[in-house]
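In: here's a sequence, model it:
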Amino acid sequence: MRTAFVGSSQLKVSRIGLGTMSWIGRTSPSEASDMLKAFVDHGGTLIDTAAAYGSGEVESLLGRLMSGTVRRQDLIISTKSGFIHRGGARVVDNSHTVLLRDLEESLTRLGTDHVDLWQVHAWGQDPLPETLAALDEAVSRGMARYVGVSNFVGWQLAQAETWQRALGRTPLVSVQAEYSLLARRAEWELLGCVKSLGLGLIAWSALGRGVLTGKYAQGTPPGSRGDDSSLAWFVDQYGDEGSRRIVEAVQVAARGLGLTPGQVALIWLRDTPGVTSSLIGPRSVEQLAPLLDIDDVHLPPEIISALDDVSGGPHQDR
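Out: So this is what the prediction gives:
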């Protein structure tokens, strides 16, 4: 699998990353093990997780798999902190103490002394200097090699990185944001910010929360996220007419090219200027395998143009 440096840093990751949020109660340990092994066997390195996934259960599972299925040194581990449960609700707490405690607990669950990329999971109400000080401390203590943020919009990212540079502190290397044919908001100002600052963009939900695979085109399949009362909200956002037109266009392109809709959607995003790595969240090797078999496959320019048009217009840097 092809690799890329994250922004101007020396952190190198696979162009496709394996997300683990779908492991929460929906993927068995044996399925997770099989996927992780297949991903690494195909040259994949970037594994994305978070302290909030299953209240730490996903990190614990990944930690167990690194003691048998794969070697720690074969992975680039990215995790996130800041989402916690308080008073029965999930809240964002980016205070210095909570962030570092989250990271320490993540390292214990993962069974490693450091992660390769540690990210603030979301923008919060805590003073930004306090939040960023936690990132500095994590790097200085060897708990994280590099740091970044997740789910920040352009002005938030610019403010955070400008603060770090002005004080000569640990620079951010990346931002993680939702980006797909169904969610092109990152193009409004985030991609320009990333390009200007020399950062990397890690795109989550590359397949539009699974909708771009076409699985929901004829209704909600039993056992899917959309069929789960606790997760239906995650895909319902893309049940509108505009999203259906995009999915139909992807399906037409897939039939013409002899690819699956998921492959078309992933190739479009992987080859979009400014994207460092695209995260996918399959639940089984059966879902994962076709997505690993596209390293030398590219979409014809006319297909890219058609998909751009139906999903929101031309990409300014394409």
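In: name the residues of the helix or strand harbouring residue 164 that are buried.
Out: Residue 164 belongs to helix 154-166 when assigned by DSSP states H and E. Judged by neighbour count (16 or more other CB atoms under 10 Å), helix 154-166 contains these buried residues: 154, 156-158, 160-161, 164. Placement of C-beta: from N, CA and C, glycine included.
In: next: stretch 267-277.
Out: Buried residues in stretch 267-277 (16+ other CB under 10 Å): 267-270, 272, 274-277.
In: equivalent analysis for stretch 309-318, please.
Out: Of the residues in stretch 309-318, 310-312, 315 count as buried by neighbour count, 16+ other CB under 10 Å.
In: of those residues, which belong to helices?
Out: 310-311 (DSSP state H).
In: name the nearest residue to the residue nearest the centre of the chain, ignoring sequence neighbours.
Out: The chain has residue 204 as the residue nearest its centroid, 3.2 Å off, counting by CA atoms, centre = their mean. Distances taken as CB to CB, 6 or more residues apart in numbering place residue 279 nearest to residue 204, at 4.7 Å, with adjacent residues excluded.
In: going on from the strand or helix carrying that neighbour, what's the next piece of helix or strand?
Out: Here residue 279 sits within strand 275-280, counting by DSSP H and E. Sequence-wise, the next helix or strand downstream of strand 275-280 (DSSP H and E) is helix 285-292.
In: follow-up on the earlier one: out of the buried residues of helix 154-166, who's nearest residue 287?
Out: Set against residue 287, the nearest of the buried residues of helix 154-166 by CB to CB is residue 157 (31.4 Å).
In: ok, the closest one - contacts?
Out: Under the criterion of CB atoms under 8 Å, 6 or more residues apart in numbering, the neighbours of residue 157 are 149, 172, 175, 190, 193-194, 197, 199.
In: SS state for residue 32?
Out: Put simply, residue 32 is helix when judged by DSSP: H, G, I helix; E, B strand; the rest coil.
In: pull the number of nearby residues for it.
Out: Residue 32 sits with 22 neighbouring residues when counted by other CB atoms under 10 Å.
In: right, and it touches residue 23 too?
Out: Yes. Here residue 32 reaches residue 23: they are 5.4 Å apart, a contact under CB atoms under 8 Å.
In: identify the contacts common to the two.
Out: Residues touching both residue 32 and residue 23 by CB under 8 Å, 6+ apart: residue 61.
In: for the stretch 151-300 of the chain, which segments count as strands?
Out: With strands called from DSSP state E, counting those that start in this stretch, the stretch 151-300 of the chain shows them at 172-178, 200-204, 275-280.
In: cool, and the stretch 1-150 of the chain?
Out: Here the stretch 1-150 of the chain has its strands, by DSSP E, counting those that start in this stretch, at 3-5, 12-14, 16-19, 46-48, 76-81, 83-86, 89-92, 115-120, 144-150.
In: adding mean pLDDT, write the ones you listed out as TSV.
Out: Output for these, formatted as TSV (pLDDT from 0 to 100):
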stretch	mean pLDDT
strand 3-5	98
strand 12-14	98
strand 16-19	98
strand 46-48	98
strand 76-81	98
strand 83-86	83
strand 89-92	88
strand 115-120	98
strand 144-150	98
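In: what's residue 142 in contact with, if anything?
Out: Counted by CB under 8 Å, 6+ apart, residue 142 has contacts 113-114.
In: quick check: the farthest pair among the contacts of residue 157?
Out: Spanning the widest gap among the contacts of residue 157 are 172 and 190, at 13.1 Å by CB to CB.
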